[in-house]
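A.B. asks: test case, fold it:
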Amino acid sequence: MVITSEPDMIDSVNVLAKFANSDHNMLEWDIHLSPVSSLFSRPSLDYAKGHFTAIRQALKDTHWSHVLQGNANEQWQAFHGLEFKYIPVRRSFKRQKKAPWLTYKAVRLMRQKHKLYRKYKDDRHPA
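C.D. replies: Residues are numbered from 1 along each chain as shown. You can find the predicted model right below:
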């Protein structure tokens, strides 16, 4: 039995030989992982510093009958271009980010583990 939160992540499960003297069998499965590195490399927009009055004016001045002709991708690019034109790109900070495969619960537990280890190593702590 393989338990996962995303069923599409497991491709195939093979049942292998029995595990030593047990009545359980060993399992082998293929996992499809796709790293989320694109989240770290894409620019993030700073909506707090956006020029919304200019966006409203640009939306009023746009000839929508001309913009909304063609395929949906071209229409989206024309509409989405306003966002990058009037909303500045946020500066990237060099703070340490969690690995993409770690959950926030795991990060919290790791911090707690490190905190307890520092207490253990501290000579002044009574434990």
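
A.B. asks: so for the longest helix along the chain, what's the average pLDDT?
C.D. replies: The helix that spans the most residues within the chain, counting by DSSP state H, is helix 104-121. Averaging pLDDT along helix 104-121 gives 89.

A.B. asks: now for it, which elements pack on it?
C.D. replies: Using 3 or more C-beta pairs under 8 Å, 6 or more residues apart in numbering; DSSP states H and E as the contact test, no helix or strand touches helix 104-121. (Glycine included, C-beta is placed from N, CA and C.)

A.B. asks: just how off-centre is that helix within its chain?
C.D. replies: The chain centroid and the centroid of helix 104-121 are separated by 23 Å under C-alpha atoms, centre = their mean, to the nearest Å.

A.B. asks: buried ones in that helix?
C.D. replies: The neighbour-count check on helix 104-121 (16 or more other C-beta atoms under 10 Å) flags nothing as buried.

A.B. asks: using PDB, write out every CA atom in it.
C.D. replies: Output of helix 104-121 as PDB, limited to C-alpha atoms (Å, rounded to 0.1, in the frame of the first residue of the first chain):
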ATOM      1  CA  TYR A 104       5.500  24.300   6.400                       C
ATOM      2  CA  LYS A 105       4.800  21.800   9.100                       C
ATOM      3  CA  ALA A 106       8.100  20.100   8.400                       C
ATOM      4  CA  VAL A 107       9.900  23.400   8.500                       C
ATOM      5  CA  ARG A 108       8.300  24.200  11.900                       C
ATOM      6  CA  LEU A 109       9.400  20.800  13.200                       C
ATOM      7  CA  MET A 110      12.900  21.300  12.000                       C
ATOM      8  CA  ARG A 111      13.100  24.700  13.700                       C
ATOM      9  CA  GLN A 112      11.900  23.000  16.900                       C
ATOM     10  CA  LYS A 113      14.500  20.300  16.600                       C
ATOM     11  CA  HIS A 114      17.300  22.800  16.100                       C
ATOM     12  CA  LYS A 115      16.100  24.900  19.100                       C
ATOM     13  CA  LEU A 116      16.000  21.800  21.400                       C
ATOM     14  CA  TYR A 117      19.500  20.800  20.100                       C
ATOM     15  CA  ARG A 118      20.900  24.300  20.900                       C
ATOM     16  CA  LYS A 119      19.400  24.000  24.400                       C
ATOM     17  CA  TYR A 120      21.100  20.600  24.800                       C
ATOM     18  CA  LYS A 121      24.500  21.900  23.700                       C
END
